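A.B. asks: sequence first, predicted coordinates after that:
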Amino acid sequence: MVTEGFVDTFINMPVPPGEVPPRAPSLQRWFKDSKALFEGSTVDELIASMDASGVEKGLLTGRHGWHFPGTRPVGPIATSHGIEDADFDRLAEEVADAVRRFPGRLYGAVMIDPLGAMRSIYQLERAIKQFGFVAARMMTAVNGVPLNHPLCYPIFTKCIELGVPLTVNVGVPGPMRPARTQRPMDLDDVLLVYPELKLVGTHIGHPWHLETLALLQKFDNFYLITSGWAPKHIPEEIIRFMNSRGSTKVMWASDFPVLTVERTVKEAKELSLKEDVRTRYMRDNALAVFNMA
């Protein structure tokens, strides 16, 4: 086991070979070298990659309703319909089993679909209290609702009550889904109402990354994960922010299997960051924001 190593704030649950769903053409263009994304992988392979790259801990995100034909949206702008309890619990148990196998290495994060309404709130509470997850996630491009939609507000409230951070995807999504639901500035409304919420943007927010940056500077309780981006492609404005007033606000992630752990660690080490800033980016900030101590 790696000790005092890096902390990966966004790992997707490995999908076994033979169960990989069709990948969007954009993902095939952008991440064509990520073998595990298209051919599948296992938790053991993930841990081996973490060991080889000096990654001590990782936040493991469960699969979402897209994996079930009855809940996957039909058409590019259709909404989802939430996820049934039996399917939700099966995916939660999949993550919980991986966490039990690798205690202190993997921690669970649950994907919540706000279109489930109260069912989603009960699922969030069950994920934290019953399955032991330490964070929640939303990808509103999947659901077809914007980040400041009324259905999202009960989720924000519940995360505060449960004491868990919430991550939200911002920017143009990789899957063929509408980008308009993930505009970072929509979070301005949310952050004004909920200063108690630890809210974390993921995937930079491109092409609105300057909006992401403005929110990072405005709100003490807003953070950023650079998941979905090879570190060498992180916009220079974000790098400058990290080296100045934003040293405690940005966190590294691999977004495995979208990108490999090995590549993202290597490129993160090569960024033009002050050494203490790099330590915060790749470890300390994650431990301060997420419950992975």
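C.D. replies: Yep, that arrived.

A.B. asks: now the element after the helix or strand bottoming out on mean pLDDT in the chain, going C-ward?
C.D. replies: Ranked by mean pLDDT, DSSP states H and E, the weakest helix or strand in the chain is helix 25-30, scoring a mean of 70. The element immediately downstream of helix 25-30 (helix or strand, assigned by DSSP states H and E) is helix 35-39.

A.B. asks: just checking, what packs against the next helix or strand after that next one?
C.D. replies: Using DSSP H and E, the helix or strand that follows helix 35-39 in sequence is helix 43-53. Judged by 3 or more Cβ pairs under 8 Å, 6 or more residues apart in numbering; DSSP states H and E, helix 43-53 is in contact with strand 6-12, strand 55-61, helix 261-269. Where you see a C-beta, it was placed from the backbone N, CA and C, and this is true even at glycine.

A.B. asks: just checking, residue 88 touches residue 125?
C.D. replies: No - with contact defined as Cβ atoms under 8 Å, residue 88 does not count as touching residue 125 (11.8 Å).

A.B. asks: between these two, which one's more packed in?
C.D. replies: More crowded of residue 88 and residue 125, by other Cβ atoms under 10 Å: residue 88, with 28 against 13.

A.B. asks: name the SS class of the more buried one, please.
C.D. replies: Residue 88 falls in the helix class when you classify it by DSSP: H, G, I helix; E, B strand; the rest coil.

A.B. asks: state the distance from it to residue 123.
C.D. replies: Remark: distance between residue 88 and residue 123 (Cβ to Cβ, to the nearest Å) = 5 Å.

A.B. asks: quick one: which of the helices and strands packed on helix 43-53 is nearest residue 206?
C.D. replies: When those are compared by Cβ to Cβ, strand 6-12 sits nearest residue 206, at 15.8 Å.

A.B. asks: can you pull out the helices in this protein?
C.D. replies: For the chain, applying DSSP state H gives helices covering 25-30, 35-39, 43-53, 85-101, 118-129, 140-143, 153-162, 187-193, 209-218, 236-242, 261-269, 275-279, 285-289.

A.B. asks: okay, buried residues for the fifth one please.
C.D. replies: By that I understand helix 118-129. Neighbour counts using 16 or more other Cβ atoms under 10 Å place 120-121, 123-124, 126-128 of helix 118-129 among the buried residues.
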